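**Q** 3D, please:
(one chain, ligands or ions: 2)
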Amino acid sequence: MSDRFQFSVSATDGRARTGVIQTPRGEIRTPAFMPVGTAATVKAMMPESVRATGADILLGNTYHLMLRPGAERVARLGGLHKFMNWERPILTDSGGFQVMSLSSLRKLTEDGVTFASHIDGSKHFLSPETSMEIQRQLGSDIVMAFDECPALPATDAEVAKSMRMSMRWAQRSRDAFGDRPGHALFGIMQGGVTPELREESAEALKSIGFEGYAIGGLAVGEGQEAMFGVLDYAPGFLPENKPRYLMGVGKPDDIVGAVVRGVDMMDCVLPSRSGRTGQAWTRRGQVNIKNARHADDPRPLDEHCTCPACTGYSRAYLHHVMRAGEMISGMLLTWHNLHYFQELMAGLRAAIAAGTLSDFVAQFEAQRAQGDI
Ligand SMILES: CNc1nc2cc(C(N)=O)ccc2[nH]1
Ligand SMILES: [Zn+2]
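**A** Ligands and ions are numbered 1, 2, ... in the order given. The predicted structure is shown next:
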């Protein structure tokens, strides 16, 4: 266990990297996928089950936790790790993205955002300073700078204006974060799909200096082609010796494409949220377990998968409990999906270490093309 936050790359294959982030609460193997634990829980999963899927780190949402149960209450109870019984690393987002997508009656100024809670309508204020304080109260190991993720569609001028405010907020986040050994503050690159704005944002962040750098402003409806278009150049604007975190991504093929383009960390609600609706992600692509074709199928979801859903149950059973709305359905499908996502990350890490990433990608794409059988 390290008392510091330290990223080291152990191998590269093309632009892809594999390595480890050492933190006081444990190691994070990269490329890493972070399950989302929005309200101090990865929905339908016990923390030990999340660990059993292979996760080294999970994500907490500042917006949700500040509204309920409240950051002060979590701090009084010993912090988020103790509160949710997850003693490994936690990354919390800044609240900026969700306040713009979930709250109402919002007023955005240079100072920050005032808004009404989507839960009870109570008034709140988020700024670089209050977001840093809230994330400190939660006790997260990786803190995200407070930024604005512009909604699409947006003109170049609107994206530039928003990015430049986010860079001023990045400086204020850095100043408010203070000196916290063993904890990390990540800056967030903005700039839409415009290379010049992305480069301006990266230069601004590097001049401030962060322990890691996120690529924001993506996975907001631009589509995979546009996202990969940005990832073809944006990671290269960031320091090689710091982790690069792509926010809110994504489907398995998004993840593979991002890792190939130099991304080290990702998070997405997809495996857990879609699992609860009966969507399974497998080597052969998506399987909707609610589909009638599974009703009498004695086979597992994936005969090569070692998760509890695939080793203990048939498609017919998963189909039944999903159709019946039984709680075990969300548990099993979530576990399977998180397990598959972590297996994909482990496969990517091993392929990069072996210098065989192009073979791995070819096999990944060939199996997906095969479709479910
Ligand atoms: C689900 N897509 C997504 N895009 C994101 C962008 C940001 C950001 N700060 O630009 C944060 C969270 C995000 N989640
Ligand atoms: Zn499985």
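
**Q** the helix or strand hosting V159 and ligand 1, are they touching?
**A** For V159, the element it lies in under DSSP states H and E is helix 156-177. No - shown here: helix 156-177 not in contact with ligand 1 (C-beta under 6 Å from any ligand atom), separated by at least 8.2 Å. The way it works is simple: take the backbone N, C-alpha and C, and place the C-beta from them, glycine included.

**Q** from the chain's centroid, how far away is that helix?
**A** Distance of helix 156-177 from its chain centroid, counting by C-alpha atoms, centre = their mean, to the nearest Å, is 21 Å.

**Q** ok, and the closest non-adjacent residue to the residue in the stretch 101-250 of the chain positioned nearest to ligand 2?
**A** Closest to ligand 2 within the stretch 101-250 of the chain is G250: 19.8 Å, counting by C-beta to the ion. Nearest residue to G250, sequence neighbours excluded (C-beta to C-beta, 6 or more residues apart in numbering): C268, at 5.3 Å.

**Q** let me know how buried E326 is, in neighbour terms.
**A** By other C-beta atoms under 10 Å, 12 other residues sit near E326.

**Q** just checking, G112 touches D147?
**A** No - counting by C-beta atoms under 8 Å, G112 does not reach D147; the two are 11.4 Å apart.

**Q** and G236, what is it in contact with?
**A** 15, 262 (C-beta atoms under 8 Å, 6 or more residues apart in numbering).

**Q** wait, I meant A280
**A** By C-beta under 8 Å, 6+ apart, the contact set of A280 is 286-289, 301, 318, 333, 336-337.

**Q** the helix holding V159: which residues count as buried?
**A** Within helix 156-177, the residues scored as buried using 16 or more other C-beta atoms under 10 Å are 159-160, 162-167, 169-174, 176-177.

**Q** likewise for stretch 62-73?
**A** Result for stretch 62-73 [16+ other C-beta under 10 Å]: buried residues 62-67, 71.

**Q** tell me which parts of this structure are close to ligand 2?
**A** Residues of the chain lying close to ligand 2 by C-beta under 5 Å from the ion are 305, 307, 309-310, 336.

**Q** dump those residues into TSV; add neighbour count, secondary structure and pLDDT as well.
**A** Shown next, in TSV, are those (neighbours: other C-beta atoms under 10 Å; DSSP: H, G, I helix; E, B strand; the rest coil; pLDDT from 0 to 100):
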residue	neighbour count	secondary structure	pLDDT
C305	18	coil	98
C307	22	coil	98
A309	27	helix	98
C310	24	helix	98
H336	28	helix	98
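
**Q** which of the contacts of A280 count as buried?
**A** 287, 289, 301, 318, 333, 336-337.

**Q** closest point of the stretch 1-150 of the chain to ligand 2, which residue?
**A** Nearest residue of the stretch 1-150 of the chain to ligand 2 (C-beta to the ion) works out as T53 at 9.8 Å.

**Q** can you tell me how far that residue is from V287?
**A** Distance of T53 to V287, given as C-beta to C-beta, to the nearest Å: 18 Å.

**Q** try D372
**A** Taking C-beta to C-beta as the measure, D372 falls 5 Å from V287.

**Q** strands along the stretch 51-200 of the chain, start to end?
**A** 58-60, 90-92, 104-108, 113-116, 123-126, 142-144, 184-189 (DSSP state E, counting those that start in this stretch).

**Q** pLDDT of the third one, averaged?
**A** So that's strand 104-108. Averaged over strand 104-108, pLDDT sits at 92.

**Q** so what secondary structure elements neighbour it?
**A** Here strand 104-108 touches strand 113-116, going by 3 or more C-beta pairs under 8 Å, 6 or more residues apart in numbering; DSSP states H and E.
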